[in-house]
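Sharing a sequence plus its predicted fold:
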Amino acid sequence: MSLLEVRDLRVSFPTADGVVRAVRGVSFDVDAGRTIGIVGESGSGKTVLTQTLLGLTAGGQVSGQAVFDGTDLIGLGEEQLRRVRGAQIAVIFQDPLTSLHPLYKVGWQIAEMIRAHDKSVSKKQAAQRAVELLGRVGIPQPAQRVKDYPHQFSGGMRQRAMIAMALSLEPKLIIADEPTTALDATVQAQILDLLLRLQQDFGTAMIMITHDLGVVADIADDVLVMYAGRAAEVASKRDIFYKPHHPYTKGLLESIPNSSAAGGRLRPITGQPPSLINLPSGCAFHPRCAYVMDKCLTDEPSLTPVAQDGFHRSACWLPASAAGLSAEAEDQRRRTVGEGRSVAAAKIAEAIAKSPEAEGSVIA
């Protein structure tokens, strides 16, 4: 049994404009000591998915299961969830400046976190533990810096302080919600190295939420690609990078700048993510998909295996033989599209090919 087993999780928010279906039937597992990367554009449901596990989506209509260490988190009372938050599942938020209280010293906030979950720890012991933790995450002169306020820390140091707080009670699972987004490239690499080292030291499982596939390549074991509130593809890191099946995953990979970027054009995904209130019929990705077929306009695909191991799954009508970045896989995609596309789908594909984003790309 996995440490965390999420099954058919659905989260909706009633609004004046309609119901926002933020998460639509997502399932995944996290094993102890392993990292799953959750990838997707802004608005794909990544953060709502993970915050729902801890009861942080106020006003949301939630269904499904999220069994953590034998306990279903969905439907737990507030008092029971308080025992889980921080102590067993910790969160590293995207912006540490807004996550740390500006009126309290950093060390006090870490110590308060420890004492809130363990009443047997004295104030002095908690303060000493805060100093140890700041030193563990690489903050120089921790005995002095523990008395500083958040605004006296740099962005990278604030994120290190958040990591120290997350590790203070040695949780079984850490949810890292885009922890490097606001940092420059050098500090980003340092934070990722720190997370990897601490994960190995503590044996902690991790959910890494990001829109950066470079981060996934550095830190993840498995990858969940999300689009419009659903899982588009689930696979090991290697399969995602070398044998992607879903056109959205393939588009994300082709959008990554590489060493040849200066001499050629990037291949962005055309169009914009759909409204989660008024989703397109069929596959939600079909208005942006170069491989759109007639079936995509009316029928929504479910996650189905595309490899013999059964773990690599994709929500796409393309055949399993179309997985990969090789010329053979592309030929298979083209043949399948040729057989399954008529006038309606052809018009969408033609509009995509003529869009400004597609100029100079392989789909033009």
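Received, thanks. Residues are numbered from 1 along each chain as shown.

who touches the closest residue to residue 301 other than its chain neighbours in this structure?
Closest residue in space to residue 301, ignoring its immediate chain neighbours: residue 315 at 4.7 Å, by CB to CB, 6 or more residues apart in numbering. Every residue, glycine included, has its C-beta placed from N, CA and C. Neighbouring residues of residue 315 by CB atoms under 8 Å, 6 or more residues apart in numbering: 230-233, 246, 283, 300-304.

give me that answer again for 7 Å
230-232, 246, 301-303 (CB atoms under 7 Å, 6 or more residues apart in numbering).

Report the buried members of these.
Listed as buried from those are 230-232, 246, 301, 303; burial here means 16 or more other CB atoms under 10 Å.

Dump those to a markdown table, plus secondary structure.
Below are these laid out as a markdown table (DSSP: H, G, I helix; E, B strand; the rest coil):
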| residue | secondary structure |
| --- | --- |
| 230 | strand |
| 231 | strand |
| 232 | strand |
| 246 | coil |
| 301 | coil |
| 303 | coil |
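
Put together a markdown table for the contacts of residue 315, with pLDDT and distance to residue 86 on each row.
Formatted as a markdown table, the contacts of residue 315 follow (pLDDT from 0 to 100; distance: CB to CB, whole Å):
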| residue | pLDDT | distance to residue 86 |
| --- | --- | --- |
| 230 | 97 | 30 |
| 231 | 97 | 28 |
| 232 | 97 | 32 |
| 246 | 97 | 35 |
| 301 | 96 | 38 |
| 302 | 95 | 36 |
| 303 | 95 | 32 |
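
Out of those, the closest to residue 323 would be?
Distance to residue 323, by CB to CB, is smallest for residue 246 among the contacts of residue 315, at 9.1 Å.

Could you find the closest non-adjacent residue to that closest one?
Nearest residue to residue 246, sequence neighbours excluded (CB to CB, 6+ apart): residue 233, at 4.3 Å.

Surely that neighbour forms part of a strand?
Yes: applying three-state DSSP, one finds residue 233 inside a strand.

Could you list the low-pLDDT ranges of the chain?
By pLDDT under 70, the weakly predicted segments of the chain are 182, 258-265, 356-364.

thinking again about what came up before, among the contacts of residue 315, which pair sits farthest apart?
Farthest pair in the contacts of residue 315 (CB to CB) is 246 and 302. Separation: 12.4 Å.

what's the offset of stretch 27-46 from the middle of its chain?
Offset of stretch 27-46 from its chain centre (CA atoms, centre = their mean, to the nearest Å): 4 Å.

Correct me if wrong: residue 282 contacts residue 294.
No: applying CB atoms under 7 Å, one finds residue 282 not in contact with residue 294, separated by 9.3 Å.

so residue 207 touches residue 34, yeah?
No: applying CB under 7 Å, one finds residue 207 not in contact with residue 34, separated by 10.1 Å.

neighbour-wise, which of those two wins?
Applying other CB atoms under 10 Å to residue 207 and residue 34 shows that residue 207 carries more neighbours, namely 24 against 16.

Please name the bridge partners of the nearest residue to the more buried one once chain neighbours are set aside.
Nearest residue to residue 207, sequence neighbours excluded (CB to CB, 6+ apart): residue 175, at 4.8 Å. Note on residue 175: beta-bridge partners by DSSP bridges are residue 91, residue 207.

Start at 41, not 1
Okay, residue one is now 41; in that scheme the one you just asked about reads as residue 215.

Now for residue 215: which residues touch it?
Neighbouring residues of residue 215 by CB under 7 Å, 6+ apart: 90, 129, 131, 247.

What of residue 227?
When contacts are counted by CB under 7 Å, 6+ apart, residue 227 touches residue 196.
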